[in-house]
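In: Give me coordinates for this.
(one chain, ligands or ions: 1)
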Amino acid sequence: MTKAELTIRTVNTPAVLVDLEIARRNIERFQAYADAQGLAVRPHIKTHKLPAVAEMQLKAGAIGITCQKISEAEAMIAGSPKITDVLLTYNIIGLEKLEHLKALARKVTLSVVADSEAVVEGLSGAFASEPAPLPVLVECNTGADRCGVPTPESAAALAQRIAKAPGLVFGGLMTYPPAGGAAAVQSFMSRTKAFIEAAGLTVPVITSGGTPSMMQAAEAPVTTEYRPGTYVYNDRSLVSRGVCGWEDCALTVLATVVSVPAANRAIIDAGSKALTSDLLGLSGYGHVLGRDDIAIDQLSEEHGRLVSKGPIHLNVGDRLRIVPNHACVVTNMVDTVNILERGEISAVWPVSARGCIV
Ligand SMILES: Cc1ncc(COP(=O)(O)O)c(C=O)c1O
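Out: Prediction:
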């Protein structure tokens, strides 16, 4: 079957569909907000993993991209000559990774983060003999309790350690706050900035991120840059938080009903290998578009169970579009996504940075 013949009615399921018009609208909406606030945008590509979507984000005005892992950055750069500026928001540890990091730094404008002296020492050892120093940002914990130095004092101390380390320059401050964390970001970052400036250093970048609170980014005016990721596709978790509506969800999983064993129960061919078992605090594994009465209450690897309070009114062979709980993890499950334009499949794109976990 040629691509021209591939339609939502014929494409093999389960299939991931990406509506490019919705994605473009989502990109432009946040870019317009950030432009109005004087904030630089550096989208996290973990959501789409597609060089062509990164190009859309750059064209809209993003200054570069964010990646979590080196292999993600390598795949994105290989996929687009337009990607020339990358921030890796991850502690890079180990000789093999550091070798890859050096190669990456010779190809693009690269910066990384660190939240400990051990990470800084490793980076310095690798970059001391490189032609250009590596910018390193201090990762700060502003309430998410994942990585990050715990206090402004410890952030300022690590900034000075970076500034003195051979092969490195202090690149600024980075945080990934919890939803609703703008006030905590403002307080932590402005205190840290004051300590660092008092010690004679400048703080070139203060970068924060996260889709749930992106429209409140301006409530932390100390930040210079924002890193939204999921905003490009949105998902059920963001609809449930009131951040967007179903019409803003660009990614859906197309599934086929394979069994209707009872009047109020149907089984689809999308299980945890397509929808993933990520609940993100929700009950159920996704939302069937146009069917608020249905819950996806149980998954096995290749089966999804749909239940409704009354008769489910589905037949074997029916096709359903499902908004998953968490879009980013779904794109990691498939080799390709089907691009929708004007409601039909216009292209099939390889998910270049899928499975890039190192
Ligand atoms: C370091 C970092 N920055 C930015 C993001 C983007 O967050 P969101 O997908 O909520 O926009 C993430 C997501 O995991 C992240 O880990």
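In: make it CA atoms for all contacts and neighbour counts henceforth
Out: Fine.
In: tell me which element residue 313 falls in.
Out: Using DSSP states H and E, residue 313 is not contained in any helix or strand.
In: Same question for residue 340.
Out: With DSSP H and E as the criterion, the answer for residue 340 is strand 336-341.
In: Would you mind listing what in this protein touches the ligand?
Out: Contact residues (CA under 6 Å from any ligand atom) of the chain with the ligand: 44, 89, 176, 209-212, 227-231.
In: I'd like those residues as a markdown table, with pLDDT, neighbour count and secondary structure appended.
Out: As requested, the residues of the chain next to the ligand are exported to a markdown table (pLDDT from 0 to 100; neighbours: other CA atoms under 10 Å; DSSP: H, G, I helix; E, B strand; the rest coil):
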| residue | pLDDT | neighbour count | secondary structure |
| --- | --- | --- | --- |
| 44 | 98 | 27 | strand |
| 89 | 98 | 22 | coil |
| 176 | 98 | 24 | coil |
| 209 | 98 | 26 | strand |
| 210 | 98 | 23 | coil |
| 211 | 98 | 20 | coil |
| 212 | 98 | 21 | coil |
| 227 | 98 | 25 | strand |
| 228 | 98 | 23 | coil |
| 229 | 98 | 22 | coil |
| 230 | 98 | 22 | helix |
| 231 | 98 | 27 | helix |
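In: Can you verify residue 183 is assigned to a strand?
Out: No: the assignment for residue 183 is helix, going by DSSP: H, G, I helix; E, B strand; the rest coil, so no strand is present there.
In: What about it, how many residues nearby?
Out: 15 (other CA atoms under 10 Å).
In: For stretch 105-115, buried residues please.
Out: Residues of stretch 105-115 classed as buried: 105, 110-115 (neighbour count, 16 or more other CA atoms under 10 Å).
In: How about stretch 116-128?
Out: 116, 119-121, 123-127.
In: One more: stretch 148-164?
Out: 148-152, 154-163.
In: could you dump that stretch to CSV, C-alpha only?
Out: Provided in CSV are the C-alpha atoms of stretch 148-164 (Å, rounded to 0.1, in the frame of the first residue of the first chain):
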residue,chain,number,x,y,z
GLY,A,148,19.5,19.6,42.0
VAL,A,149,21.5,21.3,44.7
PRO,A,150,19.4,21.9,47.8
THR,A,151,20.1,25.6,48.7
PRO,A,152,21.1,28.9,47.0
GLU,A,153,24.3,28.8,49.1
SER,A,154,25.2,25.3,47.7
ALA,A,155,24.3,26.5,44.2
ALA,A,156,26.6,29.5,44.4
ALA,A,157,29.4,27.3,45.8
LEU,A,158,29.1,24.9,42.9
ALA,A,159,29.0,27.8,40.4
GLN,A,160,32.4,29.0,41.7
ARG,A,161,33.8,25.5,41.5
ILE,A,162,32.7,25.3,37.8
ALA,A,163,34.1,28.7,37.1
LYS,A,164,37.5,27.6,38.4
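In: Strand partners (parallel or antiparallel) of the strand holding residue 340?
Out: Note on strand 336-341: by DSSP bridges, its sheet partners are strand 15-19 (parallel), strand 344-350 (antiparallel).
In: Report whether the expected contact of residue 193 with residue 205 is present.
Out: No: contact criterion CA atoms under 8 Å: residue 193 and residue 205 do not qualify, at 10.2 Å.
In: So for the two, which residue has more residues nearby?
Out: Neighbours of residue 193 and residue 205, each counted by other CA under 10 Å, are more numerous for residue 193; the result is 22 against 17.
In: Which of the helices or strands spans the more buried one?
Out: Counting by DSSP H and E, residue 193 is part of helix 182-198.
In: what helices or strands is that helix leaning on?
Out: Packing partners of helix 182-198 (3 or more CA pairs under 8 Å, 6 or more residues apart in numbering; DSSP states H and E): helix 152-164.
In: number of nearby residues for residue 33?
Out: Residue 33: 16 neighbours (other CA under 10 Å).
In: Next: the one 3 residues further on.
Out: Neighbour count of residue 36, defined by other CA under 10 Å: 10.
In: And what about it, helix, strand or coil?
Out: Recorded secondary structure, residue 36: helix (three-state DSSP).
In: which residues does it contact?
Out: Counting by CA atoms under 8 Å, 6 or more residues apart in numbering, residue 36 makes contact with nothing.
In: With only the CA atoms kept, save the longest strand anywhere in the chain in CSV.
Out: Ranked by residue count under DSSP state E, the longest strand found in the chain is strand 251-262. Listed next in CSV are the C-alpha coordinates belonging to strand 251-262 (Å, rounded to 0.1, in the frame of the first residue of the first chain):
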residue,chain,number,x,y,z
LEU,A,251,-1.1,12.8,19.6
THR,A,252,-3.6,10.0,19.6
VAL,A,253,-3.3,6.2,19.5
LEU,A,254,-5.6,4.7,16.8
ALA,A,255,-6.8,1.3,17.9
THR,A,256,-9.2,-1.4,16.6
VAL,A,257,-11.9,-3.1,18.5
VAL,A,258,-11.0,-6.8,18.4
SER,A,259,-13.6,-8.2,20.7
VAL,A,260,-17.0,-7.2,22.2
PRO,A,261,-17.5,-10.1,24.7
ALA,A,262,-20.2,-8.4,26.8
